[in-house]
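Colleague: Task: produce atomic coordinates for the following.
(2 chains, ligands or ions: 2)
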2 protein chains.
Amino acid sequence: MAVSVNSPYFSYGPFAKRVPLALHETNRQRLCEHLRSLPDVPEGAIVVLKSGETTLRHSTDHEIYFRQESYFHWLFGVLEPDCWGAVQVDTGNSIVFMPDLPPDYAVWMGTIHPPEHFKDKYDVSEVHFTKENHLKIVQVLMGKSPSVLLLLRGLNTDSDSWTIPADFKGINQFELDYDHLFHVITELRVFKTDMELEVLRYATQVSCDAHKKVMKKIKPGMVQYQGESMFCHSCHFDGGCKITAYDCIGASGENCATLHYGHAGNPNDKLIKDGDMCLFDMGCEYYCYASDVTSSFPVNGKFTDDQKIVYNAVLDANLQVQANTKAGVCWVDNHRLAEHVILTHLKQAGMLKGDVDDMMRAHLGAIFLPHGLGHFIGIDTHDVGGYPPGVDRPVEPGLSSLRTARVLQPGMAITVEPGCYFIDILMDQALESEEQSPFIERAVFGRFRNFGGVRIEDDVIVQEHGCELLSVLPRTVNEIEVFMGQKDGN
Amino acid sequence: MAVSVNSPYFSYGPFAKRVPLALHETNRQRLCEHLRSLPDVPEGAIVVLKSGETTLRHSTDHEIYFRQESYFHWLFGVLEPDCWGAVQVDTGNSIVFMPDLPPDYAVWMGTIHPPEHFKDKYDVSEVHFTKENHLKIVQVLMGKSPSVLLLLRGLNTDSDSWTIPADFKGINQFELDYDHLFHVITELRVFKTDMELEVLRYATQVSCDAHKKVMKKIKPGMVQYQGESMFCHSCHFDGGCKITAYDCIGASGENCATLHYGHAGNPNDKLIKDGDMCLFDMGCEYYCYASDVTSSFPVNGKFTDDQKIVYNAVLDANLQVQANTKAGVCWVDNHRLAEHVILTHLKQAGMLKGDVDDMMRAHLGAIFLPHGLGHFIGIDTHDVGGYPPGVDRPVEPGLSSLRTARVLQPGMAITVEPGCYFIDILMDQALESEEQSPFIERAVFGRFRNFGGVRIEDDVIVQEHGCELLSVLPRTVNEIEVFMGQKDGN
Ligand SMILES: [Mn+2]
Ligand SMILES: [Mn+2]
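Modeller: Ligands and ions are numbered 1, 2, ... in the order given. This is a model prediction of the structure:
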């Protein structure tokens, strides 16, 4: 879809990507069309969402940096907290309610603009200011004589948390429906529009540029957080991406075996030693659209033979999965494909013995790859819609960690992130297992204790006959060694 | 207090500051001593605090980066969420309860350590793991036969929010006291120990080094967030300070008149133009101890005459306040001093006319300096204890924004941050005021519309006969012009 130069757009400053606000108008149209097709949704229905709220840290006045609630962002693109948004399903008429700001806002926070300003800023049909009594919301919505308010109630299948439906004082004067909106909007979020794909492409490109900077500048004797800091600086300074899509995983050496390394109890604070592999799982977001990219490489720029074994196993899995990522493929089969490729490589390296299909039946793949092969990506890093009604979560080891078990369709955005890790507890488990231990060559297997692990994570868009790779990085052993060996141009 | 090399300490990696854990043991001793002196606290009392909790963003599985709750950090220094801490008042015996981690934590988050590991890591007397039924907490505390559990309930005077007292399943089997702990611990937090001052010095030093990098590298044509990004990178990469103590205010030009610029509705996304003043209010934290530093300077490194007028007014106020910051001085008087100095300068510049004391009585100072002169700083940026029982908040304009009205005492850490701003709504208010408008030379005053503003913010420690300046930066017009004119060494 072409966007004229005069169309309203969002941009974080003059240098970062311009995003047409038609992105949200398109989403509103898609939503209304879908809702109108449902026999259970009567004429005159109005969708109502609540934005994220201002939050303070514990009892203090420290404001947590505000990032919009994802469903609200998808539908409205409003940047401020403490708002409501409504869409009349019959007409697509869009209404945003914003807090009526106190006069001293002008002293502390900035100009108090009139509603007209926000109507233009967000390209919606109506903007109203509402006080804490919410009378304005009731009054405006009553004026539309809605048959029913459609509210968002549903379970996020990654967190097992429920969405909090919009609420305001006086809402009980309306007919309320909690049953229809969530599944419709969640399913629409799975399929990205062209305008959304453009934002995903940008965020991923910014992340990849930052990963390359880190690969060029990291060296033995640095601390993991210094890699993290270089990444964040590049995303923010060069790309206008102020926040990351998730906490940076800046692992090195044996820490690479900790899948979600880098949290408060296990921070990125270790020295990177010569000979270590790095596993940097770091992605920025732009305009609330996430990227999620992992690069694995030796900190000194040269792979050892053992590092090559593991790395090439994962790379081959990544490439074979990408080659098999297209409409009609079940994601569970791609996960199995990744396991098969990795086990085959480990067998070739003499770490495993026996038939690879037998290993698969013994769930040996989940020892090395205990997380899911990939997840939808969008406004959330682990984007919604992985398990709609009718799609069940697999129960087998490894597969049970999959965040989706769906058949791929064009317009889905998904990560391809096979990994191979040497995790003490799982290695011990395999060695003690009657089913799994016969496949293991103990001496070779033991050599990889404390190896850590490798993950190669790309972001792709599913197409009819293939997929588009968003995350272009030096990936082969040779590409990485050449790239890291070049003098840094800047 | 000297700390032996073998004493347990915290450090964020090998390069950042080592903080002895004796910091917390000292705080526990101070707390116990004080509580034992209170006739209302019986023998056998036990203090119980709850740590901060893991929080997810809205309905998603996106974890908000965990930063410990401030009272809990002061007493225990535990980095992880979802814990409880207890101190036996009679003996100082310290007990930490941590969540009993599920086996798959070892796969996703890292090694599951035994309680002994955390006992050493945090240098406390006992560590116990507790399941969700909290039976272990009840059992261990019952074993101490406490007369009463002292819990934290009180009002934060900056946020007007209440602390949330510790709670656990079965707590009602104990005698509970919500009345004594808050005031005692809050008052102790006001007076920093030597070990706490060392951390404040470090965080402030890291922030100042970062401010200097920004001053060297910023130039016209950059976007505000690029200054923010350079600041954060320097704090993190060079100082091991991963997070800022508050959202960066990266204002330039007229945005400098927005006191809390840089939030989601008014982000640091504007182009910095040649001739603009910058107002960068940015501070990092280390080990939960905050710094809060503002530098104001012309982006091109050369002050205009008008910029010099406003800058020198604020600098003179800053220096005169610092010279008058010592034990026995009431902070309200220092705020008035800052107003007086600024008004005097504006009169000398021909913007105001008449007697400065008359201007003060007409509250003209609050037109230019609508925020408080400074606030306690510590584990919170706006640290607690500004208004203990018996100290009332002033009601006059400007003074009513003060976060403390206390008489200074040695060991207090406080910011000195006079400012002079040209805020449309306040300028209009002054021009329309019968009381204030006679002091205003309209032509000169009008020349400063859209000027923005200047703030010079330092962090100091109050001493008996003066104060220690933590934030050393180029501050005079000449120092700034020379510093910014030098070629960047790195
Ligand atoms: Mn991922
Ligand atoms: Mn401050």
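
Colleague: Quick one: residues contacting the most centrally placed residue in chain A.
Modeller: Centroid check for chain A by Cα atoms, centre = their mean gives A:Thr381 as the closest residue, at 1.4 Å. For A:Thr381, the contact set (Cβ atoms under 8 Å, 6 or more residues apart in numbering or on different chains) comprises A:245-246, A:283, A:285, A:290, A:292, A:375, B:62. Quick note: C-beta positions are derived from backbone N, CA and C, even for glycine.

Colleague: Mind checking which of those are in helices?
Modeller: Counting by DSSP state H, none of the members of these fall within helices.

Colleague: Can you select the buried ones among those residues for me in PyMOL?
Modeller: This is the PyMOL syntax for the buried subset of the contacts of A:Thr381, where burial follows 16 or more other Cβ atoms under 10 Å in any protein chain shown:
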select buried, (chain A and resi 245+246+283+285+290+292+375) or (chain B and resi 62)
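
Colleague: so which strand or helix has the residue nearest to the centre of chain A?
Modeller: Under the criterion DSSP states H and E, no helix or strand holds A:Thr381.

Colleague: Please list which of the contacts of A:Thr381 also come close to ligand 1.
Modeller: A:Asp292 (Cβ under 5 Å from the ion).

Colleague: Dump the contacts of A:Thr381 to a markdown table, plus distance to A:Arg475 and pLDDT.
Modeller: Below are the contacts of A:Thr381 laid out as a markdown table (distance: Cβ to Cβ, whole Å; pLDDT from 0 to 100):
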| residue | distance to A:Arg475 | pLDDT |
| --- | --- | --- |
| A:Ala245 | 21 | 98 |
| A:Tyr246 | 21 | 98 |
| A:Gly283 | 16 | 98 |
| A:Glu285 | 23 | 98 |
| A:Ala290 | 21 | 98 |
| A:Asp292 | 16 | 98 |
| A:His375 | 20 | 98 |
| B:His62 | 27 | 97 |
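
Colleague: roughly how far apart are the closest residue to ligand 2 within the stretch 301-450 of chain A and A:Asp459?
Modeller: In the stretch 301-450 of chain A, the residue that lies nearest ligand 2 is A:Thr381 (33.2 Å; Cβ to the ion). The gap separating A:Thr381 from A:Asp459 is 10 Å, by Cβ to Cβ, to the nearest Å.

Colleague: Overlap of the contact sets of the two?
Modeller: A:Asp292.

Colleague: pLDDT at A:Lys487, what is it?
Modeller: We have a pLDDT of 76 for A:Lys487.

Colleague: Run the chain-centre distance for stretch A:123-142.
Modeller: 33 Å (Cα atoms, centre = their mean, to the nearest Å).

Colleague: Give me the buried stretch members for it, please.
Modeller: Neighbour count says stretch A:123-142 has A:123-125, A:127-128, A:130, A:134, A:136-138, A:140-141 buried, by 16+ other Cβ under 10 Å.

Colleague: returning to that earlier point: nearest to B:Asp305, out of the contacts of A:Thr381: which one, please.
Modeller: A:Glu285 (44.0 Å; Cβ to Cβ).

Colleague: residues contacting that closest one?
Modeller: A:Glu285 touches A:203, A:241, A:243-245, A:291, A:381, counting by Cβ under 8 Å, 6+ apart.

Colleague: please redo it, this time with the cut-off set to 6 Å
Modeller: When contacts are counted by Cβ atoms under 6 Å, 6 or more residues apart in numbering or on different chains, A:Glu285 touches A:203, A:245.

Colleague: Next: A:Glu435.
Modeller: With Cβ under 6 Å, 6+ apart, A:Glu435 has these contacts: A:Ala362.

Colleague: Any chance of the backbone angles for it?
Modeller: Per-residue torsions, A:Glu435: phi -70, psi -40 (degrees, to the nearest 10).

Colleague: Find the nearest non-adjacent residue to A:Phe445, please.
Modeller: Spatially, and ignoring its direct neighbours in sequence, A:Phe445 is nearest to A:Met351 (5.4 Å; Cβ to Cβ, 6 or more residues apart in numbering or on different chains).

Colleague: what sits against that neighbour?
Modeller: Taking Cβ under 6 Å, 6+ apart as the test, what A:Met351 contacts is A:441, A:444-445.

Colleague: Buried only: go through those residues for me.
Modeller: By 16+ other Cβ under 10 Å, these give A:444-445 as buried.

Colleague: between the contacts of A:Met351, which is closest to A:His117?
Modeller: A:Phe445 (64.6 Å).

Colleague: any idea how far the closest one lies from B:Trp331?
Modeller: 67 Å.

Colleague: Report pLDDT for A:Val3.
Modeller: 47.

Colleague: meant to ask about A:Asn490
Modeller: The model's pLDDT for A:Asn490 equals 46.

Colleague: how many neighbours does the closest residue to A:Phe129 other than its chain neighbours have?
Modeller: Sequence neighbours aside, A:Asp100 is the residue nearest to A:Phe129 in space, at 4.0 Å (criterion: Cβ to Cβ, 6+ apart). A:Asp100: 14 surrounding residues under other Cβ atoms under 10 Å in any protein chain shown.

Colleague: can you pull out the strands in the stretch 151-300 of chain A?
Modeller: A:176-177, A:249-252, A:277-282, A:285-286, A:289-290, A:293-298 (DSSP state E, counting those that start in this stretch).

Colleague: which stretch among the ones you listed comes nearest B:Glu254?
Modeller: Using Cβ to Cβ, the nearest of the strands of the stretch 151-300 of chain A to B:Glu254 is strand A:285-286, at 26.7 Å.

Colleague: returning to what we had before: between the contacts of A:Thr381, which sits nearest ligand 1?
Modeller: A:Asp292 (4.1 Å).

Colleague: quick one, what contacts that closest one?
Modeller: A:283, A:377, A:381, A:415.

Colleague: From A:Ala106, how far off is the third one?
Modeller: Translated: A:Thr381. From A:Thr381 to A:Ala106 the distance is 36 Å (Cβ to Cβ).

Colleague: do the same with the last one
Modeller: Summarising the geometry, the distance separating A:Thr415 from A:Ala106, computed by Cβ to Cβ, is 44 Å.

Colleague: what does the first one give?
Modeller: Taken as Cβ to Cβ, the spacing of A:Gly283 relative to A:Ala106 amounts to 37 Å.

Colleague: And the second one, by the same measure?
Modeller: Distance, A:Ile377 to A:Ala106, by Cβ to Cβ: 39 Å.

Colleague: between the two, who's got more neighbours?
Modeller: A:Ile377 (27 against 17).

Colleague: Surely A:Val190 and A:Gly385 touch.
Modeller: Yes: at 3.7 Å, A:Val190 counts as touching A:Gly385 under the criterion of Cβ atoms under 6 Å.

Colleague: Keep only those of the buried residues of stretch A:123-142 that are in helices.
Modeller: A:136-138, A:140-141.

Colleague: Take the residues you listed and write them to CSV, including distance to A:Pro14 and pLDDT.
Modeller: As requested, these are arranged in CSV below (distance: Cβ to Cβ, whole Å; pLDDT from 0 to 100):
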residue, distance to A:Pro14, pLDDT
A:Lys136, 35, 98
A:Ile137, 36, 98
A:Val138, 41, 98
A:Val140, 35, 98
A:Leu141, 38, 98
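
Colleague: near ligand 2, which of these show up?
Modeller: Applying Cβ under 5 Å from the ion to these, none is adjacent to ligand 2.

Colleague: okay, now the residue in the stretch 51-200 of chain A that ligand 2 sits nearest to: neighbour count?
Modeller: Residue nearest to ligand 2 within the stretch 51-200 of chain A: A:Asp61 (11.6 Å; Cβ to the ion). Number of residues near A:Asp61 (other Cβ under 10 Å) recorded here: 17.

Colleague: Now tell me what touches the helix or strand of chain A with the lowest mean pLDDT from outside.
Modeller: Every helix and strand in chain A was compared by mean pLDDT, DSSP states H and E; the lowest is helix A:105-108, with a mean of 92. If you take Cβ under 6 Å, 6+ apart as the criterion, helix A:105-108 is touched by A:112, B:259-260, B:370, B:423, B:425.
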